[in-house]
Every structure is written in structure tokens, then in C-alpha cells.
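Visitor: 3D, please:
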Amino acid sequence: MALFAVLQTTFLLTLLPLRTYQSEVLSEPLPLTPESLKVSINSTKQCLHLQWTVHNLDYHQELKMVFQIQISRFKASNVIWMGNYSTTVKRNQVLHWSWESELPLECAIHFVRMRTMVDDARIPAPRFWSNWSSWEKADAQNSLGDHPLYVFPKDKLVEEGSDVTICYISRNHQDNISCYLEDELTYGKQLDQNVWAFELKNVSFHRKTGTNFYCKGQGVPEGVVLFVSKVLEEPKDFSCETRDLKTVTCTWDPGSDTGLIQLPSYTLFESFSGKKTLCKHRNRCDWQVTQDSQEVYNFTLVAENYFRKRSVSILFNLIHGVHPLAPYNLFPKSVSATNATMSWKVSSIGHNSALLCQLQLLGEGKVIQQHNISVRVNGEYLLSELKPDTEYVARVHCAYADHFWKWSELISQNFTTAEAAPSEAPDVWRDVTFVSGHPTVTLFWKPLSKVHTNGKILFYNVVVENLDEPSSLEVLSVPAPANSTKVTLNQSSYQIYVMAHNSVGPSPASAVAISGHPENENVEEGRVNGTEDGFHMSWKPQSRNATGYVVEWCDDPQNLPCVLQWKNLGPTNTGTIISSDAFRPGVRYDFRIYEISAKGMAHLLEKKAGYLKELAPSYNPEVATINLTSHSFTLSWKDYSTESQTGFIQGYYVYLKSKTGEKCHREFEKTVLPDNSVGCKYTIDNPDQKTFVVKDLQPESVYEFFVTPYTSAGEGPLDDFTKVTTPDDYSHILTHITLPMIFCVLVVMITCYLKSQWLKDKCYPDIPDPYKSSVLSLIKFKENPHITIMNVNDCVPDAIEVVNKPEGSKIQFIGTRKSPTETKGTKPVYLDLLPTEKNYSGPGPCICFENFTYNQAASDLGYCGHFPVTPQAPHCQLGPLTSPENLLKTLEQNYMNSLGEIPAGEANLNYVSQLASPMSGDKESPPANPPEPALCSEYKMQMAIPLGLASPAPSKNSSLSSTALLDPSEHCH
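Guide: Presented below is the predicted three-dimensional model:
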């Protein structure tokens, strides 16, 4: 015991000097100034990298120290940054620290120095800083060449939303340099004599290829490309699952792309096992399950790019996250008209673990059957209650039976059941028309629905049975898809059956009974109002034994032929709603309601007409004005059809306006028209009234009228007014007088026109023929009723009258001293042909030529005769005229010779009247005391003598002794 006490005392005395030494060392201040400071430049990351050591520490010392660093720019005194860096330091340890510069390092010279202070709890206070190290210079411009313009930094990678500083160095101080960011001028600030800096705030992403920044002066432009990255997002919807208990697959949503060519990296860590794996895909990663029976995993997904890291974690139970693979080989094993057996296979999980599979049956896109089946390898199920000739879709998916988490993917298979005979009779109706007393029946039937056809309808059988002759059957086959046929019957009663056929067999038959006699059409028509739902119909039954009712109509009555529609109703129905997608507002629909008797006969029960929605009339009637008087007129529009309108016509509005602005007549009311004019309005409440008498009008006044119908929806369109002018009070009297006079004048004119040829032939023929002339019948011969036409050969002419044409006829005048121009257009000239016998001493027989038609001057004298010539009267050198034959020959010869002397167009032939020699003076005036004419022979024949016929001198051989043309004042007496 004493020995132990001695040894303890000796040990304590040994430790005491050591503790005293340590206390003295730690309590003394140490000169720990940093040494061997080196500064390097990393242009890619725009960083200054510092490296230094602390040499004054003992080998056994390890102290926590703080280093204060100063960084200057352009000159040492221009400190731009100062900060502290704390770390634990050992003796001769090389320390490293980096500083990232906002300004590209190539654009400025940087200076760095530091000092240190011990910040260890073992060193008592006070603590103090060491001396500053010397300034270390970092100059990146030494590596630049002699190019006149530089822009930094090169290929800078920044994150969207951050700030960036760009600078340029110009060797030419005189150069005017402008800088642009994506062609937009940018302004900066001058840092040094040849250095300018540009601060870009909150840079945005433009394109994957980078954002352009360039500067240009007098030389070649210089620029850089900023690669802007979108902010890396945290992975979303991170989850894991296994499909076969051998591999765990984790998936996530990486979010939007960062926009860089280099994609972020994704790493999957498992904390329980400490393992990790680098993911090959940016949204999925596989993890292999080991054989150590680990069920629970703690996964951490780390996303990382140049700027930042993002991570997300999940705790995953292997058994609870089983997602089986999709089944395969699904097909119908057997199919009938109503059944189908489906078969499929599944992939095994683990040691033949059971799967829960769900079989779904779809019809027309909807799930109609659903069944759950437990399966290990193969699955099979019988589907029943199917419809014939129907296409179905069978689909199946499976889940892990021990712990349900998620269904596998669906697989599907289409199949169609077999056909069967149609299960329902066609819906049949008929339209009966009678031609010559025989009914013609048009049968209509609606196509069976898909539910009842049970296959493709090939044809329809129509069986016509004569009820009066039961053994008489007529079978018609109508190919599908026709839905109507016509049958001509006699006046017997018939039963008609219609059946639809497919490849399996016929449908049940529909029966229609037809009577051989016309139906009663004398049924009063009612009205029905339409609504948004359709037409609400109701009727009163007539018979208690009715087996049903049928309502028929046309969907589009405006287009003919009508497509007949009908609706069958049971015997207990006394009303229904008729609706159709074809119904339109403003169209009149006519409905006929039939009652079906116990024998199947259809009897017309009611007629109804209606509009789904009434509209205002679309057009106005054409109005005629009749019975116009001075105080009234009648308007008529009898041809206006009311059934083709867009609503039920309730009446008409008659608008009347007066030019004089007089007050409205009684029964009219004053109204303002749509064109803001004032007029009078009369309302006709009866739609069948299509005439209207406007009374109490003023004579000789102008009125304007306009007639428009109206319905419950409004009146017709506003058209132009029609003007009408009332006559005065005496206009009707003048009409009664003027019209008969005009009629009589027209009758006379028409009669004269029709008898013009007869009048011409009777009164003034082109070439008169005395034998055919009717003038003889007009002359009454009192002295000798037996006088007839004398032959010219028996007559001796005494004078010929020649009428000269005024313009220059070439006539030789004999025995006269007047020129043709002096006698122009005056009196006719007479040619005296008198007998020249020496013994002629008194009046003798004479010949008188008469032409009352063509010689108006001669006929006006009113007499015919020969005035004897006294012996004392001087003869006019008349030559002998022996015979009429010589006269005719001479006239003919002279006529032929004179043709060459008469200019074209101047020959004027006149018929000659044989009269007594005119008295001296005016030929046209009869003598005051005419001598009593001797007995004359009247000669009715006329002859034509051309002008100038008497001009040539008579020849020696001629019987005519002398010829003279006499002026009226030189006639022989």
C-alpha cells in the first residue's frame, strides 16, 4: 500500500512540468502569417485560385484558423472584395481557395493578399490578426495578342434568371464601339481607359444554341455566345414498382428540359444497402433485386447539372408494389349466336403466384359485362346472353392476388356472334289511293333495328290474301334495302302480310287489312300547337273495340313526293307527342289519326294541322284593283294560298295612304308605318275574306294601298305601295260613248280593208275594160235602152285630149306660138280630128269619147256632145281623116316614133274623152249658152295616147290631113 502511494506521487510530479510547458506555449502569441501565396487564373470558370501554407506551426499542432482575403482590381489600393475563410490547419499544409469573379478576369488586373488569426478555443483571448502577406498579381491580359478588339467571357454558361457581366478590351482608343444583345443595342460603363463592362440582368433563355452578344467598331465585329440554362427542376411523381419480383423500376417526371446539350445526370441511391446506380434514362431507372430477401427499400433520386442538385426520396415495399405484365394470346375459343368462350395466358410472378384477372365485355363502346377470374398460367371464361350478329370487344387485365396494387395493361380482342332469324315483325303502314274505283296500295315499312334484325336483311316477302277468295294468294319479293312497294287490288277486302328475311330465316309477319271501298275523308281538320318537344296530339276514341291507333305525317311536306312517317300506338293511348329532327319552324305539318278496328281495318279518325313554331308570313298576296269608280275601288287577292304560309293566316291588314293627306276613313285607324310615314290601317279578321272595297274616296285623287297577311308571329314583309287614281264623275259617261264610236270606226275600217280590192275593181281598175265595166249598169238610158258599146272602127274621132307633163316633154307644137315652158302645168291640149270633106257644111254625126273615171275634168262638164263649127270660123289646118283605121294606124306609128324623144320617166299616158270642142276661154267651165248637141253616138272604149303623140307631121300616105295641138285659148270654134 505504501509502495502504491510512492509511485503515484512520483507520476504526478512528472506530469506537472509537462502541463506547465504546454500552458506556456499555448498562451504565447504565435507569428502565423501565410506564406508561399500563389494566385492562378481559371478562365473557363472565371475563378482566381489561391494556394498558400503556414510554416510556423509545430508538427504536433492542429489549430483552427481564420484567413482574411482582400482582392483588388486594376491597382492594389482598389479593393473590390474582402472575406474570411475558416479551416483547420496543420504544419506545412498546402491550403487552397477559389474566388469567382463577376467581371471576366481578362478585362482587368487583379491583386490578392491575406492575413490569418487563430480561432481555436484552446488559445485564450485576446486574439489578433497576423500581418498581411504581400500583394500577388494576377494578369490574364498577358496572354492576349494584338487584336484590336476582344470580348469576354468566351462561351459563358449561366443559369436563367441570373446576372452576367460582359466586357470588351479595345486597343484603339479612338474607335467608336457599339455592343448588341440579340441585335438590341446595349449600354455599358467604362472601367478603364480601354475597358468597358456591360451588366446583363436576369438573362432569359432564347435557344439551345445560345444567346449572341457582339460589339463592332470600324473593324470586324467581335462577340461571344452565352449559353443560358433553364433552372433544373426537382423530379416529380417519383415511384417504384416491380413486375416480376426480380427488378424494381423507378419512374419520375423530370420536368422541363434545361435547354442545354449536356443533360442533367440522375443517380439512384438505396440507403439501407448503401448502393447506388447511375440511371441511363432521364425518367426511368432499374434496380436489381438481390437474393438477400430485402423487402423494404429507401430510394433517393439525385438530379444534378452544372449549377445545382435536386433530390427526392421514397420508401418502397417490394411485395406491395407488384405491377404484373399484361396478359397475352386473348382469343374467342368458340362463338355462337348467344355465347362465346374467351381464352388467354399470363406471365408467372415469383413461385407461381396467383393473379386476379378481370374480363370485360364491351358493346357499342360500353362495358356491358365484367367478370373476375383467378389465374396462374391460363385463363378461360364463357360469356353468355349475347345478341346474334353483334360485334363485341373482349378485354382482360390482371393484378397481383396477394396484395392488389395496380392492374396490368389491357389487351383486347374483337369478335362477332353468329346470325339468327329476325326476332320482330316489321313496322308496316299503307297509303291507299283509288283509281277508277280500284284501290292502289303503297306499302311502307321501317327497317328493323340492329337489335331485332339478328343479321343482314336480304329481302322482304309481301303476301297478298284476298279475303273474299281465301285460296287466292299473291307473293311478292322485294330486295333490301327497299322499304316500300305498290300493289293494285280490286274492290275486295284484303289482308297483306310483310316479313323480313335474312340468311337464317324470316321474321314474324306484320298484317295490314285493306278495304275495297274508299274511306270517309269528310273529317273536320283541327289545329295542333307545336312546342320544343314536338306536337302534342290527343283524340277521342270512336269505338271501344279499337286495337290501336296510327298517326301519320310527312317530315318534309314541301318536297314531293312525300316521305310518309307514322307512329303506332296501343289501344289505351288517346294522346302522344310527335317529334322529329326534321321538323322546322315555319313549315305546316298535316297529321292524320287512324283507328285500327278489331279486323285490322284503319278508319280515319281526325285530321290536324300545325306548326312547330309559327313565323310571320314570308310573302304578300298579289292584289288586283277592280271596279274602279270615282268614289271607290275593290281590292282582290283570291289566288293567295294560305296553306303554304309560315303560320296560320289570321287575317289581313289593308294600309291606305292619300297624297292629299286627308283623314282616315271610317273603319280605318291611323298608324305609323315602318318607314315612319303615316297611313291608315284596316284589319280583316276573317282569313277567308280575300276582297275588300275601299269607299268614300275623292274623285281624281291618288291613293296608295298595300295588303299584307298576319299570323300569331306578326305580319308579312313591307312591300311597295300600289298607286291608284280615281276618275272624275263623268268619265264613265264618256266611256259609254267613246267605246261604241271606236268600235264602229274599227268595223268600217276593217270592212273597207277587206273590200278594198272589190272597190278598186268596181270604181277604178288598173286597166278598165268597157266590156267588164260595171259603170254601164249605173247609167240609165232613157232614149235608147238598147244602146251598146260601139266598135271603134265605126266611129270617126273628132278630138283627142292630151295632158302635158310639166317638165320638159319633147312635143312639137304646130300652129301655136307658145313654148312648152309657157304652157307648163296649165290646161290640157286638145287634138282636133274633124272631117274635111268639102261639102261638109253643118252638123253631122259625131263621136263622143267618155271616160268619167280617168278624166275628172271632162266628167265634171256633165255633158257630151258635138258643137258644130260655123263656116265663118277659121279652120285650124285640119287635114282629111278618111277612116278610123287610118287614124289608129297613124296614132300607133306616131306613138312608136315618139318613144325615143320622150325622156325616161316623163311619159304620161292619159285616157281621152271624146267631147265637143271646148269653148274659148276656160275649158273647165261649160259655155253659158251651149248649143244643142246633135245626135251623137256614145263611145265607151278608152284608149291611151302618149304625150307628144301629135308632134310629128303626117306622112304622105296617111289619111290624116292635118293635126293640131291647141292651147285652150286657141281652140277651134
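Visitor: For the stretch 501-650 of the chain, which segments are assigned as strands?
Guide: For the stretch 501-650 of the chain, the strands defined by DSSP state E, counting those that start in this stretch occupy 510-514, 525-529, 535-538, 548-554, 564-569, 575-578, 588-596, 602-611, 624-626, 633-636.
Visitor: burial count for the closest residue to residue 200 other than its chain neighbours?
Guide: Closest residue in space to residue 200, ignoring its immediate chain neighbours: residue 164 at 4.6 Å, by C-beta to C-beta, 6 or more residues apart in numbering. Bear in mind the C-beta positions are built from the backbone N, C-alpha and C, glycine included. By the criterion of other C-beta atoms under 10 Å, residue 164 has 20 neighbours.
Visitor: Next, the contact list for residue 727, please.
Guide: Contact analysis of residue 727 by C-beta atoms under 8 Å, 6 or more residues apart in numbering lists 628-630, 699-700.
Visitor: By mean pLDDT, point me to the weakest helix or strand of this structure.
Guide: strand 965-966 (a mean of 34; mean pLDDT, DSSP states H and E).
Visitor: what's near enough to touch the residue nearest to residue 200?
Guide: With C-beta under 8 Å, 6+ apart, residue 164 has these contacts: 156, 158, 199-200, 203, 226.
Visitor: Under the pLDDT cut-off, which ranges of this structure? List them.
Guide: Low-confidence segments of the chain, defined by pLDDT under 70, span residues 1-31, 59-60, 174, 661, 731-736, 764-973.
Visitor: Do a quick rundown of the helices in it.
Guide: 2-27, 450-453, 731-754, 756-763, 856-861, 884-898 (DSSP state H).
Visitor: could you give the angle of the third one to helix 756-763?
Guide: Between the axes of helix 731-754 and helix 756-763, defined by axes from the mean of the first three to the mean of the last three C-alpha atoms, to 10 degrees, the angle is 60 degrees.
Visitor: how about helix 731-754: buried residues?
Guide: Residues of helix 731-754 include none that count as buried (16 or more other C-beta atoms under 10 Å).
Visitor: Can you give the contact residues for it?
Guide: Here helix 731-754 has contacts from 629-630, 759, using C-beta under 8 Å, 6+ apart.
Visitor: Same list (those) but as a markdown table, adding neighbour count and distance to residue 441.
Guide: Shown next, in a markdown table, are these (neighbours: other C-beta atoms under 10 Å; distance: C-beta to C-beta, whole Å):
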| residue | neighbour count | distance to residue 441 |
| --- | --- | --- |
| 629 | 15 | 57 |
| 630 | 17 | 62 |
| 759 | 10 | 74 |
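Visitor: circling back: quick check: which of the strands of the stretch 501-650 of the chain is nearest to residue 35?
Guide: strand 575-578 (106.1 Å; C-beta to C-beta).
Visitor: sorry, back to before: which one of the contacts of residue 164 is nearest residue 121?
Guide: Among the contacts of residue 164, and counting by C-beta to C-beta, the member closest to residue 121 is residue 158, at 41.8 Å.
Visitor: how about the nearest residue to that closest one, chain neighbours excluded?
Guide: residue 164 (5.3 Å).
Visitor: I'd like the distance between the one you found and residue 652.
Guide: 86 Å (C-beta to C-beta, to the nearest Å).
Visitor: Residue 37 now?
Guide: Counting by C-beta to C-beta - residue 37 and residue 652 are separated by 115 Å.
Visitor: quick one, which of those two is more surrounded?
Guide: residue 652 (27 against 19).
Visitor: Now for the more buried one: which residues touch it?
Guide: Contacts of residue 652 by C-beta under 8 Å, 6+ apart are 621, 683-684, 687, 689, 692, 707-710.
Visitor: And those residues, which of them are buried?
Guide: Looks like those have 621, 684, 687, 692, 707-710 buried, using 16+ other C-beta under 10 Å.
Visitor: Return the member of these nearest to residue 117.
Guide: residue 710 (108.0 Å).
Visitor: what bridges to the closest one?
Guide: When assigned by DSSP bridges, residue 710 has beta-bridge partners residue 651, residue 715.
Visitor: hang on, it packs against residue 654?
Guide: No - judged on C-beta atoms under 8 Å, residue 710 makes no contact with residue 654 at a distance of 11.2 Å.
Visitor: Tell me how many other residues crowd residue 42.
Guide: Neighbour number of residue 42 under other C-beta under 10 Å is 13.
Visitor: residue contacts, the closest residue to it other than its chain neighbours?
Guide: Nearest residue to residue 42 in three dimensions, chain neighbours excluded: residue 49, at 5.9 Å (C-beta to C-beta, 6+ apart). By C-beta under 8 Å, 6+ apart, the contact set of residue 49 is 39-42, 96-98.
Visitor: Most neighbours out of those, which is it?
Guide: The most crowded member of these, judged by other C-beta under 10 Å, is residue 39 (20 neighbours).
Visitor: surely it meets residue 134?
Guide: No - contact between residue 39 and residue 134 fails when scored by C-beta under 8 Å: they sit 11.4 Å apart.
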